[in-house]
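Asker: what's the 3D shape of this:
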Amino acid sequence: MNYILTEETLLLQKRAGIITESEYKEKLKEVDINLDDKEQSVVDDVKDEMSAILKTMDTELAKASESANEGLLTAASIAIALPAIMGLVAKFGKAAGNMVNKILGKKPTDEDAYQQWMNKLGHIADELHHLYMAPIEAIVKKFIKDPVKAKKVSSGIFHVIVATFLIASGATAVQALQSKNLSLATLEGALSAVKGGELKQFISGLAEA
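Answerer: Have a look, this model is predicted:
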């Protein structure tokens, strides 16, 4: 008998020991997650801030590339462009955090309620990835011609955006986040960079790797 594979089904299977954590993460990629009305409201209400980030990224990276060798970005020139970009990322994070607290409520203290709350944040992060990862990568690729480095930098910038959103929402740890598209290791690095004021080193390190 066929049944529809859902995120909730997989989570129950993982908790029951039917599938492992790695199997859960792999199968989660096959599930289409539909946002509920509250999750969609958060995404809709931060679209202006995300559009502003994309526009500023394009402008600031273009300025930085003008002084770079052959018009290509280096780690140093990325660092020059970052303050203006990250100023808007901080604004986005604040707006998104306010919307989460207003629509989804503040971080619960009950474990089950907390897991459901984190699942919703994971859904929102995945939808933001769906909407904005490709535009971010398209902008970065204009200035970083090495496709591997461009992908790393683009992913790093997106993870910083999500990290800022999570911190503003009250979620300072990411172990409970269930996401199809995010790397928890990269997200933890982004969280540390945001908290420690080391974003230049974090993004520049990706460009140099």
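Asker: Give me the below-cutoff pLDDT ranges for the chain.
Answerer: 1-10, 27-33, 67-76, 209 (pLDDT under 70).
Asker: According to the record, where do the domains of it fall?
Answerer: Domain assignment of the chain by automatic domain parsing yields the ranges 1-32, 33-208.
Asker: Pretty sure residue 202 sits against residue 191.
Answerer: No: if you go by Cβ atoms under 8 Å, residue 202 and residue 191 don't touch, sitting 10.2 Å apart. All C-beta atoms are positioned from the backbone trio N, CA, C, and that covers glycine.
Asker: Any chance of the domains of the chain in CSV with mean neighbour count as columns?
Answerer: Shown next, in CSV, are the domains of the chain (neighbours: other Cβ atoms under 10 Å):
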stretch, mean neighbour count
domain 1-32, 12
domain 33-208, 18
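Asker: residue contacts, residue 21?
Answerer: Applying Cβ atoms under 8 Å, 6 or more residues apart in numbering to residue 21 gives the contacts residue 14.
Asker: do you know how far it is from residue 86?
Answerer: For residue 21, the distance to residue 86 equals 33 Å [Cβ to Cβ, to the nearest Å].
Asker: By residue count, tell me the biggest helix in the chain.
Answerer: Using DSSP state H, we find that the single longest helix of the chain is helix 111-143.
Asker: Show me what the next helix or strand after it packs onto, helices and strands only.
Answerer: Downstream of helix 111-143, the next assigned helix or strand under DSSP states H and E is helix 147-169. Contacting helix 147-169 under the criterion 3 or more Cβ pairs under 8 Å, 6 or more residues apart in numbering; DSSP states H and E are the following elements: helix 47-66, helix 75-103, helix 111-143, helix 184-196, helix 199-208.
Asker: what angle separates the first one from helix 75-103?
Answerer: By that I understand helix 47-66. Here the directions of helix 47-66 and helix 75-103 differ by 170 degrees (axes from the mean of the first three to the mean of the last three Cα atoms, to 10 degrees).
Asker: Just to check, residue 78 is in contact with residue 207?
Answerer: Yes: using Cβ under 8 Å, residue 78 makes contact with residue 207 at a distance of 5.5 Å.
Asker: overlap in contacts of the two?
Answerer: Each of residue 153 lies in contact with both residue 78 and residue 207 under the rule Cβ under 8 Å, 6+ apart.
Asker: can you pull the contacts of residue 137?
Answerer: So residue 137 contacts 150-151, 154 (Cβ under 8 Å, 6+ apart).
Asker: Next, format these as CSV and append distance to residue 106.
Answerer: CSV is the format used below for the contacts of residue 137 (distance: Cβ to Cβ, whole Å):
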residue, distance to residue 106
150, 37
151, 35
154, 31
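Asker: from those residues, which single one is nearest residue 109?
Answerer: Taking Cβ to Cβ as the measure, residue 109 lies nearest residue 154 of the contacts of residue 137, at 36.0 Å.
Asker: pretty sure that closest one contacts residue 136?
Answerer: Yes: at 4.9 Å, residue 154 counts as touching residue 136 under the criterion of Cβ under 8 Å.
Asker: that older thread, using a markdown table, lay out the helices and strands packed on helix 147-169 together with distance to residue 39.
Answerer: Output for these, formatted as a markdown table (distance: least, Cβ to Cβ, whole Å):
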| stretch | distance to residue 39 |
| --- | --- |
| helix 47-66 | 14 |
| helix 75-103 | 8 |
| helix 111-143 | 5 |
| helix 184-196 | 19 |
| helix 199-208 | 27 |
